[in-house]
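Undergrad: I would like the atomic coordinates for the input below:
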Amino acid sequence: MIRSLFAALFAAVVVTAAAQAEPLQLAQAAAPTPVSIGVLRLSSSGPIFIADARGYFREEGLAPELKFFTAAQQVPVAVTSGDADFGVTGLTAGFFNLAGRGALRIIASQSREEPGFQLVAYMVTNQAYAGGLTSLRDLPGRRIGMTTVGSTFHYSLGLLARKYSFDLSRVTMVPLQQLPNMAAAFKGGQVDAILAPVTLARQLEAESAGRIIGWVGDETPWQLGALFTSPRMIEQRRPVVERFVRAYLRGAADYNRAFNQRDAAGREVRGDNYADMIAILARVLQQPAERVAEGLPFVDAQGRLNVQDIYDQVTFWQANGQAGRDVDARAIVDLSFVQGHFNVPR
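TA: Below is the predicted model:
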């Protein structure tokens, strides 16, 4: 009887312990996995902001932490150092140098320069225009302001030089680091032209400081930005990367449906949930909705990359001494997370 009593007591303890442990185990199983994302406060990062606001990351069992930076080059540095698990921003010479050392992998697209989407303008001062700088063919011999050498602006200008058959060395690139510096130099006549984001371009135009003579997307479409992570994340936490990409693609699809629709004549059509999507971006970008609406770049709804263009970017930066000759484009693009990438070299 004593043995039976002890056996019964032991069984009761085991059952009680199991009952107490089960909610804890369930809670642990349901606890979302933290992930950190390096971004800029730009509309091109809209899929991230939408996926966060609409709970898509949470539905994939992820707890996102957005880490905001002020320059594109800071984002890949953060991913390389481990300060961020993922990054989304424009592709620069600095990015490709880090990726070439095995520190980064591109896994999906961000924004693209596309015809009809006014994202970055070529803008000339009134004085330069009066002096004959009336078309993009007239840029040789002029001083062009941009943020930095090796930037997305630099690459856009390189594409333009190739299109209009002039040597890029005939243009004097003036690195001004920040957009306010660019605006000041433009107004002060220290440069003849600048490449300016649409919001700055429209502001300068409204102030009668100069005029827009072209748009990058209309002149030279290209793969402007990408979503990327580290090889370490892919190798050690691939399921997390897969869940992250699924949530990101839902945000990209929402963004595309709301902002990137055009009618048969190519005019903008406000798509599904436009007001809600603008409100999300305005809140994160800390800008009025009407200003956000002025600069909504094209984002592929399926996160597909123009892969050949990424190869071309590497070649360009190598030819201009901005990226090492050992940078291998094939090694820095992982096409396994998104289906249907286009212009994939054989």
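Undergrad: host element of the residue most central in space within the chain?
TA: The central residue of the chain, meaning the one whose C-alpha is nearest the mean C-alpha position (C-alpha atoms, centre = their mean), is Thr89 at 3.0 Å. With secondary structure defined by DSSP states H and E, Thr89 is part of strand 86-90.
Undergrad: likewise Arg246?
TA: Using DSSP H and E, Arg246 falls within helix 238-259.
Undergrad: buried residues in that helix, which are they?
TA: By 16 or more other C-beta atoms under 10 Å, the buried positions in helix 238-259 come out as 240-241, 243-256, 258-259. For glycine as for every other residue, the C-beta is placed from the backbone atoms N, C-alpha and C.
Undergrad: relative to strand 86-90, how tilted is that helix?
TA: Angle of helix 238-259 versus strand 86-90, following axes from the mean of the first three to the mean of the last three C-alpha atoms, to 10 degrees, is 40 degrees.
Undergrad: quick check: next helix or strand after helix 238-259?
TA: strand 261-262.
Undergrad: how far away is the closest residue in space to Leu249 that isn't next to it in sequence from Phe337?
TA: Counting by C-beta to C-beta, 6 or more residues apart in numbering, Leu249 lies nearest to Gly303, which is 4.9 Å off, once chain neighbours are set aside. The span separating Gly303 from Phe337 equals 8 Å under the rule C-beta to C-beta, to the nearest Å.
Undergrad: more neighbours: the two, which one.
TA: Taking Gly303 and Phe337 together and counting by other C-beta atoms under 10 Å, Gly303 has the greater number of neighbours (26 against 21).
Undergrad: correct me, but that one touches Ala108?
TA: Yes: when contacts are counted by C-beta atoms under 8 Å, Gly303 is listed as touching Ala108 (3.8 Å).
Undergrad: packing partners of whichever helix or strand Glu235 is part of?
TA: Using DSSP H and E, the secondary-structure element containing Glu235 is helix 231-236. Under the contact criterion of 3 or more C-beta pairs under 8 Å, 6 or more residues apart in numbering; DSSP states H and E, the helices and strands touching helix 231-236 comprise strand 105-109, helix 238-259.
Undergrad: the longest one to strand 105-109, inter-axis angle?
TA: Note on geometry: by the same axes, to 10 degrees, helix 238-259 and strand 105-109 are set 30 degrees apart in direction.
Undergrad: strands of the chain, residue ranges please.
TA: With strands called from DSSP state E, the chain shows them at 33-40, 62-69, 86-90, 105-109, 111-112, 120-125, 143-146, 172-175, 193-197, 210-215, 225-229, 261-262, 268-269, 298-299.
Undergrad: report the buried residues of the second one.
TA: In terms of neighbour count (16+ other C-beta under 10 Å), strand 62-69 has its buried residues at Leu62, Pro64, Lys67, Phe69.
Undergrad: check these and tell me the two furthest apart.
TA: Using C-beta to C-beta, those span at most 20.5 Å, a distance reached by Leu62 and Phe69.
Undergrad: where does pLDDT dip in the protein?
TA: Within the chain, the segments meeting pLDDT under 70 span 1-30.
Undergrad: can you tell me the closest non-neighbouring residue to Ala128?
TA: Take Ala128 and drop its neighbours on the chain: the residue closest to it by C-beta to C-beta, 6+ apart is Asp192, 3.9 Å away.
Undergrad: distance check, that neighbour against Val124.
TA: Distance of Asp192 to Val124, given as C-beta to C-beta: 6 Å.
Undergrad: pretty sure Asp309 is touching Trp222, no?
TA: Yes: in this structure Asp309 lies within contact range of Trp222 using C-beta under 8 Å: 5.2 Å.
Undergrad: can I see the domain layout of the protein?
TA: When the chain is parsed with automatic domain parsing, its domains come out as 33-112+223-332, 120-219.
Undergrad: tell me how far the shortest one lies from the chain's centre.
TA: To tie it back to what came earlier, the one meant is domain 120-219. Centroid separation for domain 120-219 versus its chain: 22 Å, with C-alpha atoms, centre = their mean, to the nearest Å.
Undergrad: between the two ends of it, how far is it?
TA: Start and end residues of domain 120-219 are separated by 11 Å (C-alpha to C-alpha, to the nearest Å).
Undergrad: quick one: residues contacting Pro32.
TA: If a contact means C-beta atoms under 8 Å, 6 or more residues apart in numbering, then Pro32 has Arg58, Gly61, Leu62, Ala63 as its contacts.
Undergrad: not counting sequence-adjacent ones, nearest residue to the last one?
TA: What it means is Ala63. Leaving aside its chain neighbours, Ala63 sits nearest to Pro32 (3.9 Å; criterion: C-beta to C-beta, 6+ apart).
Undergrad: what's the spacing between that neighbour and Arg58?
TA: As defined by C-beta to C-beta, Pro32 lies at a distance of 6 Å from Arg58.
Undergrad: go on, Tyr129?
TA: Using C-beta to C-beta, Tyr129 is found at 51 Å from Arg58.
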